[in-house]
Each structure stands twice: as structure tokens, then as C-alpha cells.
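>>> 3D model of this:
(2 chains)
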Amino acid sequence: MKNDFQERQFEINTFTQRSLFITIILFLVIVIFLYRVFYLQILEHDEFDEAAFENKTYTVPVQPLRGRIIDRNGIVLTDNIATFDLITNPSEINDPIVFLNDINKLINLSESEKTNFLNSFDDRAFFNKELILKSNLNEKDIAKFEVQSFRFPNVFVGKRFRRIALGNDSFAHVLGYAGVLTDTSFISKKFNRNSWNDALYSYANGLIEGKSGLEKTFDDVLKGKFGYKQFEVDSKGRFIKEIDYLPPVKGDDLQTTLDLKAQLRAANLMQDKKGSVVVVDVQSGEIVVLLSAPTYPINKMANGISKDQYDELLNNKDKPFFDRSVAGRYPPASTLKPFFAFHSINNQLTNWENVIRDPGYFILPDNGRMYRGWRQIPLGRIDLATAIVRSSNTFFFDLAYKSNINDISDDLIKFGFGNTVCLDCFQEDDGLVPTPNWKRENLNFSWFKGDTVNLGIGQGYMISTPIQLAYYAAIIASKGDKKKLFISELNRQNSSKEVITAEAFNNSDWQKLHESMLNVIESDLGTARGLRNSKEFLVAAKTGTGEVVSLNSSAEYNRIREDISLRDHAIMIAFAPYENPKYAISVIVENGESGGGVAGPVALGVLEELLDE
Amino acid sequence: MNNKIHLDPYLFISISMLSFIGLFILFSASESSFGAISRQLIYIVLGFFLFFIFSQPDPDIYRRFSLLFLILSLFLVASTYFIGTEINGAKRWLKFYVFSFQPSELLKLALPLFLSSYLFHKKLPISFKDTLIAILFIFACFLIVARQPDLGTALLVTISGIFVLFLAGLSWLFIFLCLSAIAVFSPFIWNNLLQPFQKDRIWTLFNPESDPYGAGWNIIQSKIAVGSGGLFGKGYGQGSQTQLNFLPETQTDFIFSVLAEEFGFVGVLLLVMIYAFVLLRCFYLAVNARDRFCRLVIGGFIFTFCFNVFVNLAMVVGLIPVVGMPLPFFSRGGTSLLSLFIMFGIITSMASHKKFMQR
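Numbers count the residues shown, from 1 in each chain, chains lettered A, B, ... in the order given. Below you'll find the model as predicted:
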């Protein structure tokens, strides 16, 4: 019995000890566990709280509207036009073909709209994305749909903006267009990459950015600031409710110096022509007209163009996308002669009284080579003024011959050649002012005296752009004052006035130069005398004929002129009104042959439009 | 004395609190759907009924029928191989009309009961032969459940057997030898016995961020739920992790995270205190039980219960790898809830029937 009791006691002790052992271990586990929970819930609470918040919220960007572009008179040139699209939620459509049949009974869809929809459907079905079924609904369609909309919970009529430019595409190059965004590197950390797929669009073509022209140059000004909408979502990304909304900020309007009416007039005069018209304000440097012809359908480029049409434009031999006004490379031809008047008198190589005999050609004394233009006839004894009025080549060959090429280059650069002259033009070309150094480095030839002689009549190596010629015309008009050109009012303050330093070319010289340019039109012998009676104000001008190929006889020219693209370019620079010049203009008509006869009427028409106001 | 109702008020109150708090949390975890919890409520009512029934018989009855009970349980588990309903590739369930039943839950009761009764008469310390026989039974039970497959339950069944053996006085030398053997063979177990997904779970524990949307998802979301709960929680039905379905398995394995998210550290402390109280109360009841059989049964039951609780808790806060082990009284599941009530019924029976000798 005692043995039994001892054994029983031993058994109880064993059990108690071992139970206690397990219980203590379990309590240790409890302590570790509670510390762990304490760590998660108290010490690291903020981090997990934020993680929980990020889990349940989904922030999508809300697209801002771009600012408008406005002309000098307050007319809107590029605007956001509200349109109405029939938009579907692909994720709520089970069978796209059945769906199309149903909706087609209500709203008539074209075959291409159907195919486009079906093609995009599969791509987008699994995104929380919208798919446009029909763009630009008319009022009748909208009304028809609204009545029956309860039958189509997966479709809605959405107000979407389109970026539309006015002015019959005449502004295509200068305004540029905004197209579908390709560079996504700007995407900030605020929104994760996925949420861009679900961005709330204001524009029918989604996220857009400036692609060319002012739209590109001033993209930062125009683009505005994204807002956001924050949603509560569940683990599957399903929408629960909206919790926050920050409206987007519309981009700033861009005030420009452009003039819609004058631009339209220029475009009208340049119809069926290739070339450019540039008008600048002589005093301020404002660019008033900036036209390149031919132009291209800017609104189609912005809002959708067919592949065929785009390819056709791209391969068009007239290069409609090319902006001739700021990037066209032309010889200044005879329009450079007023510059040589300045250069020669300033360097005391000639004066207004000096007279030479013009036999219709110039013989280079060094090697006896004859220089002539095929149009040249003997003009007899002429002075500088007459040489400008009648555009004597011999006279300016002679002046150039007496000049030093490096001095010429330096002065050309002072007049804006060889450099960009505009503060905010898109892809402006530098042109070219040739120097002996340039020739050696690029053509591996030393400079010949004949090269200088050729430069005397604006031919040879020198290249100018239409906007440089307008800038040059403005400097002459203002008698040596120069201001950098600009389109946006934002750049007005950046265009400071400079004066061309001239020791020996004084005000009376400028006056004589102006008079001779006036006589280009007003004198009976002027190269543009045909324009005399077609206007009600006085215009000073200089014509030019830019050689596409260099020839010496009219017989040769008549042969090559069969090919229109080899005909000479017609050039004119001018400023008006004569007494108190306000506008300076350059006109280039490619293969137009006659500066006075072809470019002249364009220049006068545009000036008339501006001076009438 | 014969018509005395056998009931331990402390245990009764504790498990009532656990089951009703559990129901309350489950309601939140099931998106406040009455349909989901009404079924659970029926099980709780039925459970209390069984609790009272199983509290009444004399422990000797359990002892006498323990072998029969074990054989019956094994038979039912084995039958799932042939007529079981397959869910997620595992055959664990027997279906009777609308009522599904998981026989492996019975083994968690039957094995400790049988081992306690088997070791009841044995002299201390337990002989090597008896140890081997007991281990044989444990291993058989483990295999039959593990092959369903249901590793979580198999582990619990095994642990319940080991606890009884340990409490009965398994020699320390033997324990030491076993642990050494496991340590030596662990590379072999890692390489040959663990499934790839099980290895994944272990790796994931150490580095959940390596696969945040795959293997790591559950544990990451659970930690976020617990951590974001803070001191007082987000409020009942307000836990975003729970309500927006970021937290997986809210009604089963991860239901603790729901409580932690919505009631915070305070809620967690309360829950742990109740479990700890149940443990201490049963420890007290076991030491004061009338004989060795009762002690071993109570001990085997309660430590298995606590093991189950803390494995679940440690799992959801990322202390140990994810194993499918629900939280007793909280996770949805009829059979396990009923077997819990039966278990506490048997514990009450073991504790409240006093010795005849003292009469």
C-alpha cells in the first residue's frame, strides 16, 4: 500500500514537473509572441499603417487642358474644342461582336469604326481603360443615344477635347501641333506606372505633348499641371469609392505677336507657290507673319491622320513638313547689295559719288576671268545708288573685289547672318557666312578672290534663311538698330536693342540707302518698277534672283528652265511705310524667277494688309 | 451525488467567451454576412450541447472505450481515401447530405485518450517496449492523416500523442536520443521529405519580400494588417486589409490578423489572456485530477490545444512558416469546433469526477 502510495506520488510529481516544463515553455512563447505583436503594432506601426494605406488607395492622374495660343489681337489661334465621343468600357463587354450589332442599331457605325474597335478591344479588355467607339458625335446621335442609354451600361457619351488650330493650316509650321505622348520619362514618382494606364483623359487622343513649333518650344508653359483622383480599391483593384480629388491646373495661354489676318493674306498670296513670307516689326522685333508654303493639315496631324495620307505628305517632293521660313537655305542673291553699300562706304572703299562703267560684265584682274549674270545688260556709267536701283552686278563685283573677305564676314555676322536671329523659333537654321577658314576646313580649298567677287552679288557659298533676310531688312529699315526676333510675348524682355557700330556710315548714308531702295520700285529704271502703281504707300525694297544653278548665258538658262525645280528663286526684301518704317518683310518664292514680278506682289499684299489696320 | 451536473464554471465561461468573440470576429471577416456566421452559430449551439453531454460520463467509460474509439476514428480517416470529398487536391472530408465532416479531428481526441489509457497501468519510468508501441501508434496516426494530405492536422495528432508520452514520464535519455536523431537527419528530411511548396514557405519566412505577390503575399499582408492595427485597432468592421480582401484566408488561418487589425494590441492582449487562463486552469485541473488517466488526458488535450493556438499566432505574425493550422474557436469550420467542445467536455468530465476512495 505504501509502495503504491509512493509510486502514485512519484507519478504526480513527474506529471506536475513535466506539465510545468511545458507550461513555462508556452509562457515563453507567449512573451515572444506578445513582443512580436508589440513590435508590429506599436514600434513599427507607422510603417505598416502607411503600407495598409498604399494597399487600399489607387491614385490616377487627371489630365490638364493645355493653354491656348493667341494672336496679337487676342484672336485664339490654337484652342481646345469640346467634342463628344461614344466611349465604351471594354471590361464590361462580354462579346464585342454581339455588342457591336446591338449598338449599331442605335448609332450607325462605319466599317472602319467597327474594325478599329475590334482590333483595339483585345488589347484593352483587361485594363481599366476606355475605348472610343465613335468620335465626334453629332447632336442627333447624342440625343438618340441618351434616350436608349439605359440599355448600354457599358457605353457613355464622353466630353473629350481636341486641340484645334485656326487659320486654314497657314500657321502649321509656326504653331506646330501636340500629339500623342511618346516620351514617358517625365512620369513622376507621385503616380506609379500602372496608374498612367488609367489616367483620366481630357483629350480625345489621350496624353499629348507638343511635337513641333510653339507647341513644342513652349510645352512647359502650355502643358499645365496634372491633378489626381484617389480611389479606395480592394485587393483585386476594384473600385470602392472616390476619396480625394485634386483638379488639374490648365496650362497658361501663350500670347504671341502673330497676326492672323496678315498670315491668312500671305497664305492666300502664296497659294500654289513654294517659299516663305516673314514679316517683323522693325522697332520691337516682333514676328508678325511667319509662313512656310506649302503647308500641311495640322489638325489631322494632331488628332489622327491616316497612314496613307501621312506617307503621302512625307514623300511629297515639295516637302510640306519642312519649315522654309526658319530653316530654308537660300542664297541672298541681289538682296545682299544694300549690305555691300554699307560695308564699302563704312570701309571707305567707295562713296555715293564714285562712278564706274558697267559693260555688263566684270573681269577679274588677277586671272582675266569674266563674271556676269545672264540677265545683265550694259548699264553704262553708274553710281552706287543706280547700281542698287538697277541691281548692277558689275558694280558690286567690283566693290567685293576691293573688299577683304574677313571684313565682309565680320559685317555679315553683325547683320545677323550665320546665326539664329529668333529667340523662340522651332528648329531655326544658322545659315552660313563663308570665310577662308570655313572653306579650308569644309571644302579643303583655299579662298579665291573670285569667291569674294561672287559674294558681292549674294551668290556662291553664302546661305541665308528667310527669317535672317527679314531681320536684315529690319536692321536697314531702322538704320542700324537690331533687336532679336520673337514670337512669344514671354520673350519680349529678352530682346534687347543693339546698334550696329559704323564709324563712316552715318545717318545721311542710311538716308541715301533708303532712297535708292525706294527707287527700286519708284524709279522708272527700278527692278521692281512694275509694282509702283499697285499700292497706296511708299515701300523701300530690294529684289533678288537666287540662282539654283550658276550659268552665264540666257540660252543656257532657257534650256534648263524646262525643269521647274531648276528655275531661279524669286526674292524680295522690303520695308514700309518708307518715312517711318514699321514692318520689314522678306519673301521667297522658290523657282519664281522674278524678285520684282513674283515675290514683289506677295510682299506688297501682306504689307498692305498690315498697314490698312 | 449521481444527479450532480458536471461543469467547471471557469472553463465554461472561458470557452463561451472564446467562441462568441470568435463568432463576432468571423462576422467581420466574412464581410458582415449573416449567412456565413449563422452556420457557425448553429455549430456553437450544437457544440455546447455536446460539451454538456461529454462532461457527464465517468472517465472510466472513456478509458474503457478508448481503443474502440481510436479504431473507429482510424477507420473513418482511412475511408476518406475512398469516399472522401476532394477539396484543393486533398481528401479530408466525408459528406453526409449537407453536413461535411472531417474525421481526422476525431483522431486528435482518440489518440491521447487511447495512449493515456494504454499508459495508465504502466510502471514508471515507462519501459522501452511501451515507448516503442506508443510511438508506433503515433506514427500510424501521423501517416494516415498526412497522406490525405493534411500536414497541419497530422502534426497536431502527432504532437498530442507525444505530449501524453512526455507527461507520462518518457525517459529524458530517449528524448535526447530522438532530438539528436532529428538533428542529424534534418538535411535528409529537407531534401527528400518536404514538398517544394513547403520549402518555399520556409524560405519565405526569412525573406517574404523575395516574392511579394506569390509565396510572400499572405505573410506580408498579414503583417501589414496586424501592424496597422496599432494600439486600439481601426474599429470593428473598419480594417481595410480585412474588408478590402488584402488579407487572405480571413475566415480560417488568418482570422487572428482580423482581430489584431480591428482591435489592436489591446484586443490581442485580451485574447492571449483568455487562452493563457484556459491553459492555467486546465493545468490546475490536471494536477488535481483523480487519477493518472485523467491527468494524462487533460494534459495531452490542453497542451495540444495551446500548441495549436500558438503555432497559428506565430504563423500569422511571421515568426514561423505558414502551415495550415486554424485558430481554435475562431476559424470557421464545423468539425473542428465540435471536436473542441467535445474535448473540453471530456476535460470537464476528467476534472469534476472525484475519486471513489475518498468517499
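>>> Report all helices and strands that whichever strand or helix holds residue B:347 contacts.
Using DSSP states H and E, residue B:347 falls within helix B:334-352. Helix B:334-352 is packed against helix B:9-29, helix B:34-55, helix B:59-83, strand B:99-101, helix B:104-119, helix B:255-287, helix B:292-316, with contacts defined by 3 or more Cβ pairs under 8 Å, 6 or more residues apart in numbering or on different chains; DSSP states H and E. For the C-beta atoms, the positions are set from N, CA and C on the backbone; glycine is no exception.
>>> Of the ones you listed, which is nearest residue A:521?
Closest to residue A:521 of the helices and strands packed on helix B:334-352, according to Cβ to Cβ: helix B:255-287, at 88.6 Å.
>>> Identify the residues contacting residue A:314.
Neighbour list for residue A:314: residue A:321 [criterion: Cβ atoms under 8 Å, 6 or more residues apart in numbering or on different chains].
>>> Endpoint to endpoint, stretch A:255-263 covers what distance?
16 Å (Cα to Cα, to the nearest Å).
>>> What is the burial count for residue A:606?
30 (other Cβ atoms under 10 Å in any protein chain shown).
>>> List the contacts of the helix or strand hosting it.
Element membership for residue A:606 (DSSP H and E) is helix A:600-612. Under the contact criterion Cβ under 8 Å, 6+ apart, helix A:600-612 has outside partners A:259, A:261-262, A:265-266, A:269-270, A:273, A:277, A:279, A:288-289, A:521, A:528, A:530-531, A:534-537, A:539, A:541, A:543, A:572, A:574, A:576-577, A:582-583, A:585, A:587, A:589, A:594.
>>> Off-centre distance for that helix?
25 Å (Cα atoms, centre = their mean, to the nearest Å).
>>> So out of everything in the stretch 401-550 of chain A, what residue is nearest chain B?
residue A:426 (46.0 Å; Cβ to the nearest Cβ).
>>> Pull out the buried positions in the helix holding residue A:606.
Buried residues in helix A:600-612, counted by 16 or more other Cβ atoms under 10 Å in any protein chain shown: A:600, A:601, A:602, A:603, A:604, A:605, A:606, A:607, A:608, A:609, A:610, A:611.
>>> top strand in chain B by residue count?
strand B:90-96 (DSSP state E).
>>> Could you do chain A as well?
Max-length strand for chain A by DSSP E is strand A:76-88.
>>> quick one: contacts for the closest residue to residue A:569 other than its chain neighbours?
Counting by Cβ to Cβ, 6 or more residues apart in numbering or on different chains, residue A:546 is the residue found nearest to residue A:569 once chain neighbours are left out, at 3.7 Å. Taking Cβ under 8 Å, 6+ apart, we find residue A:546 in contact with A:330, A:331, A:332, A:333, A:458, A:459, A:568, A:569, A:570, A:571, A:588.
>>> Any chance of these in CSV with secondary structure and pLDDT as columns?
CSV is the format used below for the contacts of residue A:546 (DSSP: H, G, I helix; E, B strand; the rest coil; pLDDT from 0 to 100):
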residue, secondary structure, pLDDT
A:330, strand, 94
A:331, coil, 94
A:332, coil, 94
A:333, helix, 91
A:458, coil, 92
A:459, coil, 90
A:568, coil, 86
A:569, strand, 90
A:570, strand, 92
A:571, strand, 94
A:588, strand, 95
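>>> Highest neighbour count among the residues you listed?
Going by other Cβ under 10 Å, residue A:588 tops those with 36 neighbours.
>>> In three-state terms, how would the residue of chain B found nearest chain A be classified?
Going by Cβ to the nearest Cβ, chain A is nearest to residue B:227 of chain B, at 2.6 Å. The assignment at residue B:227 comes out as helix when based on DSSP: H, G, I helix; E, B strand; the rest coil.
>>> how much space between it and residue A:40?
To residue A:40, residue B:227 is 4 Å away according to Cβ to Cβ, to the nearest Å.
>>> who touches both of these two?
residue A:48.
>>> returning to what we had before: from the contacts of helix A:600-612, which land in strands?
A:277, A:279, A:288-289, A:541, A:543, A:572, A:574, A:576, A:583, A:585, A:587, A:589.
>>> now the residues you listed as TSV including neighbour count and pLDDT?
As requested, the ones in strands among the contacts of helix A:600-612 are exported to TSV (neighbours: other Cβ atoms under 10 Å in any protein chain shown; pLDDT from 0 to 100):
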residue	neighbour count	pLDDT
A:277	32	97
A:279	31	97
A:288	26	96
A:289	30	96
A:541	32	94
A:543	29	92
A:572	34	95
A:574	33	95
A:576	25	89
A:583	27	96
A:585	32	96
A:587	35	96
A:589	26	94
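>>> Show me which residues of the stretch 201-350 of chain B are close to chain A?
Counting by Cβ under 8 Å from any Cβ of the partner chain, the positions of the stretch 201-350 of chain B adjacent to chain A are B:221, B:223-231, B:240-241, B:244-246, B:260, B:264-265, B:268-269, B:272, B:276, B:279-280, B:283, B:286-287, B:292, B:295-296, B:299, B:303, B:306, B:310, B:313-314, B:317-319.
>>> just the buried members of those?
Buried by 16+ other Cβ under 10 Å: B:221, B:223-230, B:240-241, B:244, B:246, B:260, B:264-265, B:268, B:272, B:276, B:279, B:283, B:286, B:292, B:295-296, B:299, B:303, B:306, B:310, B:313-314, B:317-318, out of these.
>>> So residue A:381 is in contact with residue A:356, correct?
Yes. Contact status for residue A:381 versus residue A:356: in contact at 7.3 Å, counting by Cβ atoms under 8 Å.
>>> Settle it for me: which of the two has more neighbours?
Ranked by neighbour count (other Cβ under 10 Å), residue A:381 and residue A:356 place residue A:356 first, with 18 against 9.
>>> Listing request: residues of the stretch 251-359 of chain B with sub-threshold pLDDT.
For the stretch 251-359 of chain B, residues meeting the criterion pLDDT under 70 lie at B:355-359.
>>> in stretch A:47-59, what counts as buried?
Buried residues in stretch A:47-59 (16+ other Cβ under 10 Å): A:48, A:49, A:51, A:52, A:55, A:56, A:58, A:59.
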